[in-house]
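# only geometry, no sequence info:
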């Protein structure tokens, strides 16, 4: 009966063989497939940002008093507030302080990050592809830069798992937390503390995602760059370690 360690090595070897064979099979038209995967992750990331805003709105039902953003400054109102012909007259009649729903405000704030979702994934794909290609070349790889873009595209597709887990974990953390702060600073600290309780599970998910990406990158480097498995594993392992450190920060 094989030892657990031998069984694990056998499973990893089998997965690497499947990954290598996969990249050999998808070579025709592989660039279009990789591009499609990046588009999918980009769209999912954008929807994830929207989902995060919905999570804030659905789980935080707290109102606080804040400065009215539509009312001019006190000095402006003192100068022009009593002038009926001034464009500030009507605005200065508004109250200085208003009630604001924190959940709605946070949902509105997350909307400002949609642009990052739309451009962040493609930029990360380009950077990852170029750096991966440089690493493969330094290790003696013979594939083209297009091959590296394909490998990186498939690796980025694994981020869908981390995205879904992240939004779900944040939603759960907020739904099981009672927000009692009366200022935006206090509420922000409570939200951060609630999300921090999910750090362990999220790191575990990140480890799984990085393991999947490692298998994909090793198989891709073997197939497209004609690297030996040990060399491909070392190159992919470097990226995996860096990715895990970034996730842990």
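In hand now; what should we look at? This one's a predicted model, so the numbers in the text were calculated from it and none came from an experiment.

# Quick check: closest non-adjacent residue to the residue nearest the centre of the chain.
By C-alpha atoms, centre = their mean, the mean C-alpha position of the chain lies nearest to residue 163, the distance being 6.0 Å. Once flanking residues are discounted, residue 163 sits nearest to residue 48: 4.9 Å by C-beta to C-beta, 6 or more residues apart in numbering. For the C-beta atoms, the positions are set from N, CA and C on the backbone; glycine is no exception.

# Same question for residue 149.
Leaving aside its sequence neighbours, residue 149 sits nearest to residue 129 (C-beta to C-beta, 6+ apart; 4.3 Å).

# again, but for residue 101
residue 63 (5.4 Å).

# hang on, that neighbour packs against residue 100?
Yes. Residue 63 lies in contact with residue 100 (C-beta atoms under 8 Å); the separation is 6.5 Å.

# between the two, who's got more neighbours?
residue 100 (18 against 14; other C-beta atoms under 10 Å).

# residues making contact with the helix or strand encompassing that one?
Assigned by DSSP states H and E, residue 100 belongs to strand 97-101. Here strand 97-101 makes contact (C-beta atoms under 8 Å, 6 or more residues apart in numbering) with 61-68.

# Going by neighbour count, list what's buried in whichever helix or strand comes after it.
As assigned by DSSP H and E, the chain's next helix or strand after strand 97-101 is helix 102-110. Neighbour counts using 16 or more other C-beta atoms under 10 Å place 102-103, 105-107, 110 of helix 102-110 among the buried residues.

# And for stretch 157-177?
Counting neighbours by 16+ other C-beta under 10 Å, one finds that the buried residues in stretch 157-177 are 157-160, 162-163, 165-167, 169-174, 177.

# how far does that stretch sit from the chain's center?
Centroid displacement of stretch 157-177 relative to its chain, using C-alpha atoms, centre = their mean, to the nearest Å, is 10 Å.
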